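A.B. asks: got a predicted model here, sequence first, then my questions.
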Amino acid sequence: MLSRHFLRAKALQTIYAGVTADNTSEEELLKMFDYNVDRLNDLGVLQMSTLMQLTYTAERVFENEQQKFNPNQSELDLLDRWAKNPFVEKLSQGFEYRQKENRMHIDWSNHFDVFRKILNTFKTSHNFQAHAAIEEPTFTEYKTIALTAFKYLMNDTTLREIIFDRDLLWEDDFDQVAQYVFMLLKELDEQSMDEAMRCPQIYDARNEKEVNDVDFARQLVADTYKHLDDVEPMIRKHLQNWELERVALMDILLINMAVNEFTHCPSIPERVTVDEYIELSKEFSTEKSKLFINGILDKLLIELRVAGKIVKDERGMYDPVIDGEKTDL
């Protein structure tokens with residue numbers, strides 16, 4: 001599920017942490033990377049758990065409304081419809097999900113008012129009103145409204161802050177992980193959802209492609225960190241009227257990562273590598289970084305080719321820009 005672009009970003013953050021800390025070993029750096037990837041799954045489980053909490057909140061509010069002298073039947077029907085959403089119910093009953101929830105000690109009991117506020121907004125929305133008007137919704141329609149509710153939850157500022165308080169590292173990854181969780185939930189269907197179902201995971205170590213992608217980023221961390229001193233003089237040589245010490249550290253690391261990808265990843269086309277690190281510079285560095293990095297990488301590419309340090313296999317020789325096809329490398 002994790003894209004290589006996102007994994008490159010995780011690798012960059014890990015290398016940056018290692019460079020700015022004192023005496024970080026390669027082994028410690030790789031442990032840090034592994035930890036950060038594993039924590040993405042925890043964030044995904046926590047985000048999913050908000051859906052279950054929203055149905056539980058509806059149950060409690062329904063019970064309170066029933067105790068009133070003259071309860072509003074229309075309001076009760078709305079609450080009951082959401083509280084008994086079969087998609088959310090099946091998701092919560094998965095054994096693997098329950099294991100992860102218990103391991104993380106997820107408890108929203110102190111935030112009932114936050115979920116009640118979200119529930120009030122959600123059940124008065126056009127989407128939910130349209131859903132409530134369906135006399136006998138199909139499982140797919142229940143799933144659709146659950147996905148809509150997930151968007152409401154993930155966009156709630158107060159709820160986001162509560163989650164960030166649990167782990168400050170999650171703030172940078174929150175939106176991307178929420179998008180991944182949304183995609184994973186969208187792929188589920190009634191037939192596959194039972195107690196033995198796999199819990200949707202941002203990174204699934206049982207999936208060979210996902211393991212290969214994470215291994216790629218992990219090796220990128222190791223190779224880049226190991227060869228920092230080798231690449232530095234190459235960068236200095238191509239700086240004009242500028243000193244390396246005045247270049248943003250993030251730019252230096254991005255160039256280092258690109259060089260290591262040029263020389264250690266034979267299946268990745270050079271143009272893909274350049275484009276990826278220009279995009280990362282837009283996310284993590286200064287406004288002018290993309291031009292600087294593009295210029296330096298163009299010069300380093302020529303130098304590395306002449307030195308015979310770039311050897312690409314058939315897949316790495318393929319240029320998606322020329323051939324008009326995008327790849328997720």
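C.D. replies: All right, it came through fine. Numbering: from 1, shown residues only.

A.B. asks: rest of the way, CA atoms for contacts and neighbours
C.D. replies: OK.

A.B. asks: which SS class is His105?
C.D. replies: Under the three-state scheme (DSSP: H, G, I helix; E, B strand; the rest coil), His105 adopts coil.

A.B. asks: what number of residues lie near it?
C.D. replies: 10 (other Cα atoms under 10 Å).

A.B. asks: so where is this protein shaky, pLDDT-wise?
C.D. replies: 241, 316-329 (pLDDT under 70).

A.B. asks: how is it divided into domains?
C.D. replies: By the assignment in automatic domain parsing, the chain contains the domains 4-14+24-187, 227-323.

A.B. asks: would a markdown table of those with distance to Pro200 be doable?
C.D. replies: Output for those, formatted as a markdown table (distance: least, Cα to Cα, whole Å):
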| stretch | distance to Pro200 |
| --- | --- |
| domain 4-14+24-187 | 6 |
| domain 227-323 | 27 |
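
A.B. asks: tell me which stretches of the stretch 151-300 of the chain form helices.
C.D. replies: Listed in chain order, the helices of the stretch 151-300 of the chain (DSSP state H, counting those that start in this stretch) span residues 157-166, 170-187, 208-226, 228-237, 249-264, 270-284, 289-306.

A.B. asks: Leu30 is nearest to which of those?
C.D. replies: helix 208-226 (6.8 Å; Cα to Cα).

A.B. asks: buried residues in the closest one, which are they?
C.D. replies: Within helix 208-226, the residues that count as buried by 16 or more other Cα atoms under 10 Å are 210, 213-214, 216-225.

A.B. asks: and what of stretch 160-175?
C.D. replies: Arg160, Ile163, Phe164, Trp170, Phe174.

A.B. asks: start and end of it, how far apart?
C.D. replies: 10 Å (Cα to Cα, to the nearest Å).

A.B. asks: list of residues touching it?
C.D. replies: Here stretch 160-175 makes contact (Cα atoms under 8 Å, 6 or more residues apart in numbering) with Leu40, Leu43, Met154.

A.B. asks: apart from its chain neighbours, what residue comes closest to the first one?
C.D. replies: The reference is to Leu40. The shortest distance from Leu40 to any non-neighbouring residue, by Cα to Cα, 6 or more residues apart in numbering, is to Ile202 (6.5 Å).

A.B. asks: check contacts around the one you found.
C.D. replies: Met1, Leu2, Leu40, Asn41, Gly44, Val177, Tyr180, Val181.

A.B. asks: on the three-state scheme, the second one is what?
C.D. replies: To tie it back to what came earlier, the one meant is Leu2. coil.

A.B. asks: next, the contact list for it, please.
C.D. replies: Per Cα under 8 Å, 6+ apart, neighbours of Leu2: Tyr180, Ile202, Tyr203, Glu210, Asp213.

A.B. asks: on that earlier part again, and the buried residues of stretch 160-175, which is closest to Val231?
C.D. replies: Closest to Val231, out of all of those and judged by Cα to Cα, is Trp170, at 31.6 Å.

A.B. asks: what are the buried residues along stretch 290-304?
C.D. replies: For stretch 290-304, by 16+ other Cα under 10 Å, it's Lys290, Phe292, Ile293, Asn294, Ile296, Leu297, Leu300, Leu301, Leu304.

A.B. asks: reformat the residues you listed as JSON lines; add distance to Thr263.
C.D. replies: Listed next are the buried residues of stretch 290-304 as JSON lines, based on distance: Cα to Cα, whole Å:
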{"residue": "Lys290", "distance to Thr263": "21"}
{"residue": "Phe292", "distance to Thr263": "21"}
{"residue": "Ile293", "distance to Thr263": "17"}
{"residue": "Asn294", "distance to Thr263": "17"}
{"residue": "Ile296", "distance to Thr263": "16"}
{"residue": "Leu297", "distance to Thr263": "13"}
{"residue": "Leu300", "distance to Thr263": "11"}
{"residue": "Leu301", "distance to Thr263": "10"}
{"residue": "Leu304", "distance to Thr263": "8"}
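
A.B. asks: of the contacts of Leu2, closest to Ala9?
C.D. replies: Using Cα to Cα, the contacts of Leu2 come closest to Ala9 at Asp213, 12.8 Å.

A.B. asks: and which of the buried residues of helix 208-226 is nearest to Gly94?
C.D. replies: Comparing these against Gly94 with Cα to Cα places Glu210 closest, at 22.3 Å.

A.B. asks: picking that back up, got a markdown table for the buried residues of stretch 160-175, with distance to Ala258 too?
C.D. replies: Formatted as a markdown table, the buried residues of stretch 160-175 follow (distance: Cα to Cα, whole Å):
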| residue | distance to Ala258 |
| --- | --- |
| Arg160 | 34 |
| Ile163 | 34 |
| Phe164 | 31 |
| Trp170 | 26 |
| Phe174 | 26 |
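
A.B. asks: out of the helices of the stretch 151-300 of the chain, which gets nearest to Asp22?
C.D. replies: That would be, of those and by Cα to Cα, helix 208-226, which comes in at 13.5 Å.
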